[in-house]
Structure formats: C-alpha cells, structure tokens
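Participant: Next come a sequence and a model predicted from it.
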Amino acid sequence: MSVKIGISPIAWQNDDLPDITAAYTMEQALREAREIGYTGVERGQRMPHDTDGLRAYLETYDIALCGGWCSGNLLVNDVATEREAVRQQVEQFIALGSPCIVYAECSNTVQGQICTPVNDRPKLDRDQIAAYGAKLTELASWMTDQGMPMAYHHHMGSIIEAEEDVNCLMESTGPEVSLCFDTGHLLLGGGDVMATLKRWSDRVHHVHFKDIRPAVVKDVRENNRSFLDAVIAGAFTVPGDGCIDFQAVADHLKAIDYEGWIVVEAEQDPAKAPPYEYSKMGYDHIVDVCGKAGLNIANA
C-alpha cells in the first residue's frame, strides 16, 4: 500500500486571483514542484486545454495529472445537459490517467466574488440537498461507467461547505459520489476534521492537505470578508504551517488503507508566502507524517 504526493499549481498560478501570481509561470510551477519531490499536479487553467498538448506538457516536466477542478452547474442544469458540459474533461482525464475529477457546484457559489462575504454563501435545506444529491448520483454513475470517478469537493462559499452539508450530501448520494476530503475547507467551514474523515472514510477517494491560520479565519468570519479576501490575507497555508494535526489525519489514512493521492492545495499571496519555500515546507511535512504513520510514498 502506498500514497502519492501531488500539488495544485495554485500557489504559483492562481486562477481566481491572477494578478497576485502574475510574476510566476505555470512552467515554473511544474518545474519547481517536481524538483521538490511532488509526482503529480492537478490541472490548472493556464495549462494546455487539448489532450495531446496537455500530455506533452506534463511529460516535459515528468509529472502526472493527479486530478483537477470541474465547475459544476447541476443545480441549474438537468443531468443530460451537465453530462455534455463535462464530457470533454471526463474523456481527457481518462486518456491522461487521472485518478478522479474534482467536482464542485459553482452555479451559485460566492467563492469568486471578492465583494461578497463568505458568510453570505448560498445554503440548501436537507430536502434540497437530497434532490441535488439524486442528480449528482446519476451524473457520478455515468462518469464511473466511463471510467472516471467523481470526487466531490466541499468548498467555502458554496452550497456544500459546513460539516453538516457534507454529511447530508453523503447521506443523499450513492457510493458513486466519492469525496475529495479537504482539511482546510472543512475546518474553515467550522467542521471537525477528524470526525468527518472517520465518518466518511469509505467514501474518501482524494485528499487535499490544506492548513489554516485561525487568527485570519476569525477575522474573516467576524468582519464579513469574502473568500478571496481570506486567500489574500493568508487564511490558508501549507501543511505544517497552521493549526491542523496532519499526523492524526495520516494515521487514520493508514488505518483505512488509503492508497490515493495526497494533494497540497494552499492558495496564498506569493509576496507573503514564496511558492517554492512553502510548497517544500508542505511536502516535507507530509513526508514526515506519512513516515510516522507507516504510509509508504510511491516514487519518493
């Protein structure tokens, strides 16, 4: 049994806040990530969009595709329409050997609205989440039949943010809907990281290791700041630089025989957190906690 360690290029190339990472290139992101030791990268919007181009691009830097964001619109689309909207990404990720598509509902999210407090995110009641979950299960079942698992990403500013949202969604969906378990988003949303991980261990297919800085999060919540304000202020950081006990997370991943990817996804202002320095800090912390947990790291 082994895990693999990947990274999102968002520390070098932020798709939501491109101005703060204008001094960096995607090529630098992949080159430095591989130099640090990461063996996979999630797809960024400034990578080639065609399959052959993306394959050649990744091969140039000797790095695998370990997932990638998919902006869902299933709340407003019927399943057939949504299936056609994501078909190209599904086919591309299958061709490139990705372990999953990281899917999140974005039709009404406030995560990209810098003037909207994250506290004002859209919320659904249990019946509405159940109805959404039925559609999501149908979409995920189709993806699975094609050969591409869906890992649902609970995300700040979206309909599935808090621990109770995650619980309700998992209860309302079939096993075809797996979970992209994100430590930072769960804690920033007020959830219990370990309780949620233990409750939904059998649904976890993909893991994001993201730390948080509690003082920044407190300010964001108390002063009605937006998700993007939180990113700029440094709410998120790499594993080992915040307050989350990643040793406990790694120990549990070992206990459940987790064999997937552990991905660092920690968007920050690079002027305050130089990408190479912080990405290496995160990588080294993961290697340390995995070693103590007895989790073997593939290609390390």
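Facilitator: Sure thing, it's come through.
Participant: Buried residues in the longest strand seen in the chain, which are they?
Facilitator: Ranked by number of residues, the top strand in the chain under DSSP state E is strand 64-72. Residues of strand 64-72 classed as buried under the neighbour-count rule (16 or more other C-beta atoms under 10 Å) are 64-70, 72. Quick note: C-beta positions are derived from backbone N, CA and C, even for glycine.
Participant: helix or strand right after that strand?
Facilitator: helix 79-95 (DSSP states H and E).
Participant: and that next one, what does it pack onto?
Facilitator: For helix 79-95, the packing partners by 3 or more C-beta pairs under 8 Å, 6 or more residues apart in numbering; DSSP states H and E come out as helix 51-60, strand 64-72, strand 101-105, helix 126-146.
Participant: which other residues reach it?
Facilitator: Taking contacts as C-beta atoms under 8 Å, 6 or more residues apart in numbering, the residues outside helix 79-95 that touch it are 51, 54-55, 65, 68, 70, 72-74, 77, 100-101, 103, 135, 138-139, 142-143, 146-148.
Participant: Can you tell me which of those are buried?
Facilitator: 54-55, 65, 68, 70, 72, 74, 77, 100-101, 103, 135, 138-139, 142-143, 148.
Participant: before we move on, back to that, nearest to Q247, of the helices and strands packed on helix 79-95?
Facilitator: With C-beta to C-beta as the criterion, Q247 lies closest to strand 64-72 of those, at 22.5 Å.
Participant: any idea of the angle that closest one forms with helix 51-60?
Facilitator: In terms of direction (axes from the mean of the first three to the mean of the last three C-alpha atoms, to 10 degrees), strand 64-72 departs from helix 51-60 by 140 degrees.
Participant: List the strands paired with strand 64-72, with their directions.
Facilitator: In the sheet, strand 64-72 lines up against strand 40-43 (parallel), strand 101-105 (parallel) (DSSP bridges).
Participant: what mean pLDDT would you report for the shortest one?
Facilitator: Right, strand 40-43. Mean per-residue pLDDT for strand 40-43: 98.
Participant: now swap in stretch 265-278 and tell me
Facilitator: Mean predicted lDDT for stretch 265-278 stands at 96.
Participant: My guess is Y283 contacts V263. True?
Facilitator: No: here Y283 lies out of contact with V263, judged by C-beta atoms under 8 Å, at a distance of 11.2 Å.
Participant: Would you mind telling me which of those two has more residues around it?
Facilitator: Taking neighbours as other C-beta atoms under 10 Å, Y283 and V263 compare with V263 leading, 26 against 22.
Participant: Next up, the contacts around that one.
Facilitator: Taking C-beta under 8 Å, 6+ apart, one finds 5-8, 40, 42, 66-67, 206-209 in contact with V263.
Participant: How about A235?
Facilitator: 188, 212-213, 216-217, 220.
Participant: same deal with V264?
Facilitator: 5-8, 38, 208-210, 238-239, 279, 282-283, 286.
Participant: rerun at 7 Å
Facilitator: Contact partners of V264, counting by C-beta atoms under 7 Å, 6 or more residues apart in numbering, are 7-8, 209, 238-239, 279, 282.
Participant: swap in W69?
Facilitator: With contacts defined as C-beta under 7 Å, 6+ apart, the neighbours of W69 are V102.
Participant: Remind me which helix or strand the nearest residue to L75 once chain neighbours are set aside belongs to.
Facilitator: Leaving aside its sequence neighbours, L75 sits nearest to S107 (C-beta to C-beta, 6 or more residues apart in numbering; 4.6 Å). Assessed by DSSP H and E, S107 sits outside every helix and strand.
Participant: Quick check on the residue nearest in space to the middle of the chain: phi, psi?
Facilitator: Nearest residue to the geometric centre of the chain (C-alpha atoms, centre = their mean): H208, 5.2 Å. With angles defined as degrees, to the nearest 10, H208 sits at phi -100, psi 120.
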